[in-house]
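**Q** I would like to see how this sequence folds:
(one chain, ligands or ions: 1)
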Amino acid sequence: MLATDKIRADFPIFKRQINGHPLIYLDNAATSQKPQVVINALVDFYQNHNANVHRGIHTLGDEATQLYQAARANLARFIGASDPNEIVFVRNTTEAINLVAFSWGLAHLKPDDEIIVTELEHHSNLLPWQRLCRQTGAKLLHLPLDNNGDLAFSYLKSLVGQRVKLVAFSHVSNVLGTIIDIQHLARDLKHSAPHVCLLADGAQSTPHLPIHVKDLHVDFFCFSGHKMLGPMGIGVLWAKKAILETMEPFLVGGGMISQVKPDSAEWADLPDRFEAGTPNVAGAIGLSVASDYLQQHGLQNIRDHEQDLTTYALQRFVEMEKQGLVTLYGLRDPNKRAAIFTFNLTGVHAHDVAQILDRECGIAVRSGHHCNQPLMEKLDVPATVRASFYLYNTRDEIDALINGLHLVRKVFKLT
Ligand code: PLP
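**A** Numbering: from 1, shown residues only. Coordinates of the predicted model:
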């Protein structure tokens, strides 16, 4: 079990009061809080090592380059990649997926080819494919949810024909918390349709589950640093070296060439050719330190802790649901879902719930469509409330959330 008291002491933000209450932060699917070691790493870089990478032949330039490349190697180990050169630093998951759509997609998709996405996708794993289809004349197919809120995998096999070139899916849904068994899914797909390329959006899985990209049988995997205790503005695209080597750069300019002539240019080796311009060096170092912090506590321990929170939260939500006070969306099996709870309080708009929880209890939750409007339409709601948990959250905070929801009902004179 995790020592949450000790962990919380590592995060300076938990000293804050919000509207007169100790902060209860349940918006981790949007972004996570940062431990002092990550904040220190950013300060240390700017205070002691700041210089541009790959460029100056001076001590600081060397130090910055070494720290940046060490961060890359460390993150490769963190996700079980075989080669640090398979790690491309990007701003976030959104940029990683756009990079794949531009660099791989435009070269591989033709009119009447097909891309499959699922009904769970965040807009970041939907809009790049919509645009790619408009650009190439390819078609976008949607794998639906079944009546239990799980993906209709049996239907997937019937969708995957010779025209399908790519299947892109979330590892963990940011709305319903559903964990997709990508290892099984990808292995089956690679067996039955080896021509299909697979992309997994790991924005909501990498912070919470042990990840070993080689075991996932996917071709592309991406994640954002800020959701896993790291800084904002840094993320990773991982792909097999053999695939990256065939891809054109997404952005062109400084830092990504081997030779430039007035009318032509040759690209640098991997991964530099995908990192045009000055990169977020401090961000990469901070993300590497965040990954060390997560590993120190153990990703499996974090998953076990969150599974315990999930089991308890499900129990508390179901009590309220039986009384008709809330509607909870998503699967009920804690083995199949992450600690993300999307719900509506009967008779109160999601935005009002979030505002009152913040004002009256210091509880931060998300409300809205969570960058997944098609799923909101499917659920037939304009918005939901989302409470999402991480390694520093506790059962007491779940109780505080449930008490907060009863308070919201009182404010709205529903009791
Ligand atoms: N994919 C999923 C499943 C997400 O939850 C998010 C963010 O919430 C993203 C992609 C986009 O992440 P970012 O905003 O860091 O690019």
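**Q** Contacts only, for residue 362.
**A** Residue 362 makes contact with 17-24, according to Cβ atoms under 8 Å, 6 or more residues apart in numbering. The C-beta positions use only the backbone N, C-alpha and C, and glycine is treated the same way.
**Q** now residue 243
**A** Going by Cβ under 8 Å, 6+ apart, the list of residues near residue 243 reads 104, 197, 219-220.
**Q** which residue packs closest to residue 136, ignoring adjacent ones?
**A** Leaving aside its sequence neighbours, residue 136 sits nearest to residue 109 (Cβ to Cβ, 6 or more residues apart in numbering; 4.1 Å).
**Q** which intervals of the stretch 1-150 of the chain have sub-threshold pLDDT?
**A** Flagging of the stretch 1-150 of the chain using pLDDT under 70 yields an empty set of residue ranges.
**Q** circling back to that earlier point, for residue 224, state which of the contacts of residue 362 is nearest.
**A** Of all those, residue 224 sits closest to residue 23, with 22.1 Å by Cβ to Cβ.
**Q** Just confirm residue 407 contacts residue 360, I think it does.
**A** Yes - with contact defined as Cβ atoms under 8 Å, residue 407 reaches residue 360; the gap is 5.8 Å.
**Q** and the closest residue to residue 13 other than its chain neighbours, what is it in contact with?
**A** For residue 13, ignoring the flanking residues on the chain, the nearest one in space by Cβ to Cβ, 6+ apart is residue 33 at 5.1 Å. Going by Cβ under 8 Å, 6+ apart, residue 33 touches 11, 13-14, 25, 229, 390, 392.
**Q** Look through this protein and tell me its longest helix.
**A** The residue-count maximum for a helix in the chain (DSSP state H) belongs to helix 299-322.
**Q** Next, the residues that contact it from outside, please.
**A** 1-2, 4, 177, 208-211, 294, 326-328, 332, 334-335, 337-339, 341, 343, 387, 389-391, 393-395, 398-399, 401-402, 405.
**Q** circling back to that earlier point, and the furthest pair within the contacts of residue 362?
**A** Greatest spatial distance in the contacts of residue 362: 20 and 24, 12.8 Å, computed using Cβ to Cβ.
**Q** So for stretch 252-261, what gets flagged as buried?
**A** By 16 or more other Cβ atoms under 10 Å, the buried positions in stretch 252-261 come out as 255-257.
**Q** Any idea what residue 259 is bridged to?
**A** Beta-bridge partners recorded for residue 259 (DSSP bridges): residue 266.
**Q** how far away is it from residue 118?
**A** Distance of residue 259 to residue 118, computed by Cβ to Cβ, to the nearest Å: 43 Å.
**Q** Kindly report the residues of the stretch 1-150 of the chain close to the ligand.
**A** Contact residues (Cβ under 6 Å from any ligand atom) of the stretch 1-150 of the chain with the ligand: 29, 92-94, 122, 124-125.
**Q** Which PyMOL command selects the buried ones in these?
**A** This is the PyMOL syntax for the buried subset of those, where burial follows 16+ other Cβ under 10 Å:
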select buried, resi 29+92+93+94+122+124+125
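**Q** Let's see the distance spanning stretch 204-217 from one end to the other.
**A** From its first residue to its last, stretch 204-217 covers 18 Å (Cα to Cα, to the nearest Å).
**Q** excluding its backbone neighbours, what's nearest the residue sitting nearest the centre point of the chain?
**A** In the chain, the centroid-proximal residue (Cα atoms, centre = their mean) is residue 203; its distance is 1.1 Å. In space, residue 203 comes closest to residue 93 once its chain neighbours are excluded; the distance is 4.2 Å by Cβ to Cβ, 6+ apart.
**Q** Does the one you found touch residue 124 like I think?
**A** Yes - in this structure, residue 93 is within contact of residue 124 by Cβ under 8 Å, at 5.8 Å.
**Q** so what sits against both of these two?
**A** Here residue 93 and residue 124 have 201, 203 as joint contacts, going by Cβ under 8 Å, 6+ apart.
**Q** Kindly confirm whether my reading is correct that residue 203 touches residue 97.
**A** No - the pair residue 203 and residue 97 does not pass the contact test of Cβ under 8 Å, sitting 9.5 Å apart.
**Q** still on that earlier bit, make JSON lines out of the contacts of residue 243 and add secondary structure and neighbour count.
**A** Converted to JSON lines, those look like this (DSSP: H, G, I helix; E, B strand; the rest coil; neighbours: other Cβ atoms under 10 Å):
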{"residue": "104", "secondary structure": "helix", "neighbour count": "24"}
{"residue": "197", "secondary structure": "strand", "neighbour count": "21"}
{"residue": "219", "secondary structure": "coil", "neighbour count": "23"}
{"residue": "220", "secondary structure": "strand", "neighbour count": "24"}
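**Q** Which of the three states applies to the residue of the stretch 251-400 of the chain at minimum distance from the ligand?
**A** When distances are taken as Cβ to the nearest ligand atom, the stretch 251-400 of the chain reaches nearest to the ligand at residue 371, 6.1 Å away. Three-state assignment for residue 371 (DSSP: H, G, I helix; E, B strand; the rest coil): coil.
**Q** Dihedrals phi and psi, it?
**A** phi 60, psi 40 (degrees, to the nearest 10).
**Q** cool, residue 364 as well?
**A** Torsion angles, degrees, to the nearest 10, at residue 364: phi -100, psi 110.
**Q** contacting residues around it?
**A** Neighbouring residues of residue 364 by Cβ under 8 Å, 6+ apart: 18, 23-27, 357-358.
**Q** ok, residue 119 to the ligand distance?
**A** Distance of residue 119 to the ligand, given as Cβ to the nearest ligand atom, to the nearest Å: 13 Å.
**Q** what's the helix or strand for residue 184?
**A** Using DSSP states H and E, the element containing residue 184 is helix 182-192.
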